[in-house]
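Asker: Sharing a sequence plus its predicted fold:
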Amino acid sequence: MKSTLLFIGLVFIVLACNNSAKEPDIKTPPDSNQSDNNTFENPRTYVRKYALWEYQYDSISGRSTPVKLRSVNKDTLSAKKIVAIVNKTWPNVQVTHLRTSKDTIYLSIPKSDVLTQQMGTLGADEFMISTTYSFTELNGIRYVSFDFQPGDHANPGVYSRNYWIKHR
């Protein structure tokens, strides 16, 4: 098991080092309606292309940790922009912003079978963690409430950055 994780981590590191594409400006989030066929694009490159946060394996410590990929101007950041970024980053797992109440943002994943049944535990963790960290970039937001059908690799609930620190 450790050798498999080490191998995956090394692949992630090699792919990250080879990604020399210019990162898009966060002030102009990708258009979620734009057709973009990423069927043959490497998923790691695709995540790094749009995401605010990534869940990376550290071969030295042997642990995965959230890593901020780019700085954001919190004054211009909105739930709508983060929804567009998350949906562009994860084209097969689309989130919908339901509402915001006090320090919690409520999201729905209407078609959650890819997340809960097809991405595996590591993929689902990466989605949940990077999405939680991205939405908690919003001023005043500390919690992300996910509503979707539970499955083998992910469960709905309320998550915070502290949850992922304590449970990893």
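Answerer: That came through fine.
Asker: so who does residue 110 touch?
Answerer: Contact analysis of residue 110 by C-beta atoms under 8 Å, 6 or more residues apart in numbering lists 94, 96, 148. Any C-beta I mention is one placed from the backbone N, CA and C, and that applies to glycine too.
Asker: I should have written residue 86 there, sorry.
Answerer: Counting by C-beta under 8 Å, 6+ apart, residue 86 touches 51, 95, 130-131, 134-135.
Asker: Next: residue 111.
Answerer: Applying C-beta under 8 Å, 6+ apart to residue 111 gives the contacts residue 94.
Asker: what's around residue 99, how many residues?
Answerer: 10 (other C-beta atoms under 10 Å).
Asker: Name the residues linked to it by a beta bridge.
Answerer: Beta-bridge partners for residue 99, by DSSP bridges, are residue 106.
Asker: May I ask which of the contacts of residue 86 comes out lowest in pLDDT?
Answerer: The lowest pLDDT within those belongs to residue 51, which sits at 65.
Asker: if you skip the residues just before and after it, what's nearest to residue 83?
Answerer: Of all residues not flanking residue 83 in the chain, residue 97 sits nearest, at 5.2 Å (C-beta to C-beta, 6 or more residues apart in numbering).
Asker: With just CA atoms, put the helix or strand harbouring the one you found into CSV.
Answerer: Per DSSP states H and E: residue 97 is located in strand 96-101. Written as CSV, here are the backbone C-alpha positions of strand 96-101 (Å, rounded to 0.1, in the frame of the first residue of the first chain):
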residue,chain,number,x,y,z
THR,A,96,-24.4,24.1,-7.2
HIS,A,97,-24.4,26.9,-4.7
LEU,A,98,-27.7,26.6,-2.7
ARG,A,99,-27.3,29.4,-0.2
THR,A,100,-25.0,31.0,2.3
SER,A,101,-25.9,31.4,6.0
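Asker: in it, what counts as buried?
Answerer: Residues of strand 96-101 classed as buried by neighbour count (16 or more other C-beta atoms under 10 Å): residue 97.
Asker: Over to stretch 104-111?
Answerer: 104-107, 109.
Asker: what mean pLDDT does that stretch have?
Answerer: 96.
Asker: Tell me which of the contacts of residue 86 fall in helices.
Answerer: 130-131, 134-135 (DSSP state H).
Asker: Distance to residue 70 added to the residues you listed, as JSON lines?
Answerer: Below are these laid out as JSON lines (distance: C-beta to C-beta, whole Å):
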{"residue": "130", "distance to residue 70": "12"}
{"residue": "131", "distance to residue 70": "16"}
{"residue": "134", "distance to residue 70": "11"}
{"residue": "135", "distance to residue 70": "15"}
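Asker: Many thanks, we can stop here.
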